[in-house]
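**Q** heads up, no residue letters with this:
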């Protein structure tokens, strides 16, 4: 199919300096009035990657070259989003041939992708426990006089943590950094009992935002130890929840990160061994470890699966489902972060093409060739609002339907039939 040609017009009253390209955020169409240009960041991104300085702004008026002979030269096409028209346009200085050629090329490249698309999005990477803890921290800061101290790492985006700090929160890595009588927020991953005991001794007002599922693992660890068991915690040592779980009974808790690590687990009585799972890790990844433990300790006892945290498992399955239904998956985040690499790997396991982007302008027009369904996968390192900005930009390329797909594990508890004795 031949590439659509951009109309060359003049934009009276619009000034563009030599060497730069102005990306239209709106254009005053003579027949249809002011048209929005939501795809402007996509057009600008192409030009920036080619080394041209760009700026963004509206072009209130444009006319055919024969009707005016002043102002910047404008290259423009339009698309339909339902019954509404949108524009794709870029302007350059009328005597700057190189900038004008680059502006025309960028508009025509994106015009070639115009068509009907379906956007398939997932959910926020942050689980309900993390969202709940962040809201509790925000409310505490809002309604507390004086500084509010957050203990350790808070599961939230970097922007959310920065905003919280700007509102008055202070992040402390140790209680020694918190003045007596202050307010202390415990994050979703929880803390060892020793931290809570010290906070009470120092007369700190504690707001415990520990995730209920994490708190349940704490309670189960204590219960296993109280009945005389040694507890094996399954999960990575560096996980935020590990210290809080192990701290429930530090002399009776050991870790197993992998099936291979089970051979190194030392217990006092092999008949008195239980295990717990760290919340926040995929449940299916723990299954080989628990199987290896049971092989070594046949009397092994474990927690009720009804209490497992399925958030990480559901997130993985959601990404797989999105990738399986998409021609292209855009993974939103920092490509150097482990979470981004993991999600990109999950998406690549399907049939879709996969690209990692940290900003809307990084999307390439060639990626959309032959693409009908575009999946979005948001990582922990994604900029706040990036998914919405990408969605808005893609809406400037023609009709766009937006749907959400989410895989959720539902716990169904069996109830005995009262008629059966």
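**A** Done, it's in. Only a predicted model underlies this, so the values are computations on that prediction, with no experimental measurement involved.
**Q** What are the boundaries of the helices in this structure?
**A** 40-49, 97-111, 128-142, 158-166, 193-201, 212-226, 242-246, 283-296, 311-324, 338-348, 386-394 (DSSP state H).
**Q** got the buried residues for the third one?
**A** Read that as helix 128-142. Using 16 or more other C-beta atoms under 10 Å as the burial criterion, the residues of helix 128-142 that qualify are 129-134, 136-138, 140-141. (Each C-beta comes from the backbone N, C-alpha and C, glycine too.)
**Q** And the first one, by the same measure?
**A** Buried residues in helix 40-49, counting neighbours by 16+ other C-beta under 10 Å, are found at 40-48.
**Q** any chance of these in TSV, plus pLDDT and distance to residue 111?
**A** Putting the buried residues of helix 40-49 into TSV (pLDDT from 0 to 100; distance: C-beta to C-beta, whole Å) gives the following:
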residue	pLDDT	distance to residue 111
40	98	13
41	98	16
42	98	11
43	98	10
44	98	15
45	98	15
46	97	12
47	98	15
48	97	19
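**Q** give me the low-pLDDT residue ranges for this protein?
**A** 1-3, 65-70, 81-83, 413-421 (pLDDT under 70).
**Q** Residue 273 - how many residues pack around it?
**A** 24 (other C-beta atoms under 10 Å).
**Q** For residue 312, see how far away it is.
**A** Using C-beta to C-beta, to the nearest Å, we find residue 273 at a distance of 25 Å from residue 312.
**Q** distance of residue 121 from residue 377?
**A** From residue 121 to residue 377 the distance is 9 Å (C-beta to C-beta).
**Q** The closest residue to residue 402 other than its chain neighbours bridge partners, please.
**A** Nearest residue to residue 402 in three dimensions, chain neighbours excluded: residue 119, at 4.7 Å (C-beta to C-beta, 6 or more residues apart in numbering). Per DSSP bridges, the residues bridged to residue 119 are residue 374, residue 402.
**Q** surely residue 119 meets residue 400?
**A** Yes - the criterion here is C-beta atoms under 8 Å, and residue 119 meets it with residue 400 at 5.9 Å.
**Q** Mind listing the shared neighbours of those two?
**A** 391, 394 (C-beta atoms under 8 Å, 6 or more residues apart in numbering).
**Q** so residue 16 makes contact with residue 23?
**A** No - contact criterion C-beta under 8 Å: residue 16 and residue 23 do not qualify, at 10.4 Å.
**Q** More neighbours: those two, which one.
**A** residue 23 (28 against 25).
**Q** Give me the neighbour count for residue 194.
**A** Using other C-beta under 10 Å: residue 194 sits among 12 other residues.
**Q** how near is the closest residue in space to it that isn't next to it in sequence to residue 186?
**A** Distances taken as C-beta to C-beta, 6+ apart put residue 247 closest to residue 194, at 6.1 Å, once the chain neighbours are dropped. Going from residue 247 to residue 186 by C-beta to C-beta gives 12 Å.
**Q** quick one, which of these two is more surrounded?
**A** More crowded of residue 247 and residue 186, by other C-beta under 10 Å: residue 186, with 22 against 18.
**Q** The more buried one bridge partners, please.
**A** Those that pair with residue 186 in a beta bridge, by DSSP bridges, are residue 208.
**Q** try residue 91
**A** Applying DSSP bridges, one finds that residue 91 bridges with residue 22, residue 74.
**Q** Could you double-check that it sits in contact with residue 20?
**A** No - the pair residue 91 and residue 20 fails to qualify as a contact (C-beta under 8 Å) at a distance of 9.6 Å.
**Q** neighbour count winner among the two?
**A** Set residue 91 next to residue 20 and count neighbours by other C-beta under 10 Å: residue 91 wins out with 31 against 17.
**Q** got a list of what that one touches?
**A** 11, 14, 16, 21-22, 24, 59, 72-75, 103.
**Q** Show the buried residues in those.
**A** Members of these classed as buried by 16+ other C-beta under 10 Å are 11, 14, 16, 21-22, 24, 59, 72-75, 103.
**Q** Any chance of TSV for the residues you listed, columns distance to residue 292?
**A** TSV is the format used below for the buried ones among the contacts of residue 91 (distance: C-beta to C-beta, whole Å):
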residue	distance to residue 292
11	69
14	69
16	66
21	60
22	63
24	61
59	66
72	69
73	69
74	67
75	64
103	62
